[in-house]
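> What shape does this take:
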Amino acid sequence: MSEFSMNRRDFVKGAAAVGGLAAAQTFLSVRPGSAASPAKIRMQLGWLASNGLLGEVVAVKKGFYAEQGVELEIVPGGPNVDGVAGVAAGQSAVGQISSSPSVMLARGAGMPVKAIAAGYQKHPYAYYSRNAKPVRSAKDMIGKTVAIQPTGAILLRALLAKNGIPEDQVKVVNMGADMNQLITGQADVVVGWITNTNALKVLGDDRIDLMLWDTGIQLYANVYYTTDAELAEHSKELSGFLAATAKGWGYARDHQEEAVDILVEAYPNLDKTSEMETIGPLMKFAFNETTKADGWGAMTKENWAAQIKTYADLGQFKEKVPTVDDVMTLSLLEATTDIRKQVG
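Sure, this is the predicted structure:
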C-alpha cells in the first residue's frame, strides 16, 4: 500500500490480515509476576530495519529502556506489511513511519492513530539535478523532466501547488530505486532521501540538492505514533518509551562509531562503512535548532495544521479531513520534557 493513499476499506483489510484483532485489544501491558516487571512495548516499523533505528538499538544496548521499566521489541515492516493498520488494530503499541502524511491520512480514513513525536525534524526527501540543468528552486522545475517513485507523486503535486506551478509545466516519469536516469539524461531531476548515501554515490560531485522542506512542504520524518486507546490506558509506559528513545538518540549522536557498531551488531545485513558515511548527515535531521530549544522528538501543532491543509487542498482525504488534535498530541512530549531537553 502506498503510504500516501489509504481509506477505511484498506484499513479493514489490513486489520483482518494481521489476525482479525479487535481495535480495542492492547499488546502493551506489565508482565505478570511482580510489580517490578517491565512493560513490554512492541514497536512496528513502517519498513525494513535501517539506521532510522539507531537511537532505539543504542537505548536497548545501554539499558535506557530498562531504566524506564520498559522492554522494547522491534517489529520490522516491509513491502507487504501495513504497519499502520497493525498498530491501529492493536498488534503493536507504537509504530514508526517514514513520513508524517501516513498518520494524518490514516486518521482521515478512520484509524485511531495519533503522532506522539517526530524523530527527524526535517524530512530528508530531496530533488537532485546536475549543473547542466540545475534545479535550485521549485520554479526551476518548469520545463524539466522529473523522475519519481509512485509514493512521490503527491509530494510533487504538493510542491507544485505550494509554489503556484501548473502541473502540466513539468513532465513526470517513473523511476526505480536507483538514480541512473539523471546520469543517462532520461530525466533532469530524480528523487530520494539525502541520508541514503549509497544511492547518491552514483551522482558523484556533479549534484545539486533541493530539499522538499525548502520548497515549502515541511513534513516530519521517522514519526512515532500510537492509538487513542494506548494513550488513554498506558501513557506512563509510553512516556518511559519516549524518554529512553530520546536518550538513545542523544547517545548515538555523541558516540557515532559506537552507535553504528551497535546497529550493525543488531542488524548484520547493514554495512558499517556505509552507515558511518550516513550517520553524520542523518543526525542533522534528528537534531537542529528546534531540538536545542524543545528537545529531541519535538513537533508543533502549527506544522501539522499546515500539512493537513496542504493535503486537504489536494483532495487527499477521501472520507474526512482530520483536525490537528485528531492527528497528533503533545502530551507525551510534555511529560518527558526534562529528559528530552538534556539530549536536544
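> how about the strands of the stretch 101-250 of the chain, start to end?
With DSSP state E, counting those that start in this stretch as the criterion, the stretch 101-250 of the chain has strands at 113-120, 125-129, 145-148, 171-174, 190-193, 208-211, 221-227.
> Indicate which one of those is closest to Asn269.
Proximity to Asn269, assessed across the strands of the stretch 101-250 of the chain by CB to CB, is greatest for strand 190-193 (18.4 Å). For the C-beta atoms, the positions are set from N, CA and C on the backbone; glycine is no exception.
> ok, that closest one: who's next to it in the sheet?
According to DSSP bridges, the neighbouring strands of strand 190-193, each with its direction, are strand 125-129 (antiparallel).
> could you give the angle of the partner strand to strand 221-227?
Between strand 125-129 and strand 221-227, the angle formed by their directions is 160 degrees, by axes from the mean of the first three to the mean of the last three CA atoms, to 10 degrees.
> which residues touch strand 125-129?
Contact with strand 125-129 is made by 99, 135, 140-141, 144, 146, 152, 155, 179, 182, 188-194, 200, 203, 207-212, 219, 221, as judged by CB atoms under 8 Å, 6 or more residues apart in numbering.
> Need the buried ones from those residues selected in ChimeraX.
With 16 or more other CB atoms under 10 Å as the criterion, this ChimeraX line picks the buried residues out of the contacts of strand 125-129:
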select :99,135,140,141,144,146,152,155,179,182,188,189,190,191,192,193,194,200,203,208,210,212,219,221
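> In the helix ranked longest in the chain, which residues are buried?
As assigned by DSSP state H, the longest helix anywhere in the chain is helix 235-254. For helix 235-254, the buried set under the neighbour-count rule, 16+ other CB under 10 Å, comprises 235, 237-253.
> try stretch 285-294
Of all the residues in stretch 285-294, those buried under the rule 16+ other CB under 10 Å are 285-287, 290-291, 294.
> Stretch 122-140 too?
When burial is assessed from 16+ other CB under 10 Å, stretch 122-140 yields the following buried residues: 122-130, 133, 135, 138, 140.
> and if you look at stretch 299-312?
Of the residues in stretch 299-312, those scored as buried under the neighbour-count criterion (16+ other CB under 10 Å) are 299, 303-304, 306-308, 310-311.
> Tell me the spacing between Ala305 and Gln218.
Summarising the geometry, the distance separating Ala305 from Gln218, computed by CB to CB, to the nearest Å, is 11 Å.
> ah, wrong one, I meant Arg207
Look at Arg207 and Gln218: by CB to CB, they are 23 Å apart.
> Check Gly315 too.
Remark: distance between Gly315 and Gln218 (CB to CB) = 20 Å.
> Report the contact partners of Glu67.
Under the criterion of CB under 8 Å, 6+ apart, the contact list for Glu67 reads Ala244.
> Tell me the predicted confidence for Leu21.
Note on Leu21: pLDDT of 36.
> ditto for Pro150
Note for Pro150: predicted pLDDT of 87.
> I figured it hits Met175, correct?
No. Counting by CB atoms under 8 Å, Met175 is not a contact partner of Pro150; they are 9.8 Å apart.
> Show the low-confidence segments of the chain, by residue range.
1-36 (pLDDT under 70).
> Nearest to Thr278 among the buried residues of stretch 122-140?
Within the set of the buried residues of stretch 122-140, Pro124 lies nearest Thr278; the separation is 10.3 Å, counting by CB to CB.
> how about the closest one, phi and psi?
Dihedral angles of Pro124 (phi, psi; degrees, to the nearest 10) stand at phi -80, psi 0.
> and it, what does it touch?
Contacts of Pro124 were listed using CB under 8 Å, 6+ apart, and they are 193-195, 211, 221, 282, 285.
> what do you get for Gly143?
Contacts for Gly143 (CB under 8 Å, 6+ apart) come out as 169-170.
> same question, the one 4 residues further on
With CB under 8 Å, 6+ apart as the criterion, the residues that contact Ala147 are 172-175, 181-182, 186-187, 189-191.
> Relative to Leu210, how far out is it?
Ala147 sits 14 Å away from Leu210 when distances are taken as CB to CB.
> do the same with Gly143
For Gly143, the distance to Leu210 under the criterion CB to CB works out to 15 Å.
> Check Phe64 too.
Shown here: Phe64 relative to Leu210, a distance of 37 Å by CB to CB.
> got it, and Ser102?
In terms of CB to CB, Ser102 sits 23 Å off from Leu210.
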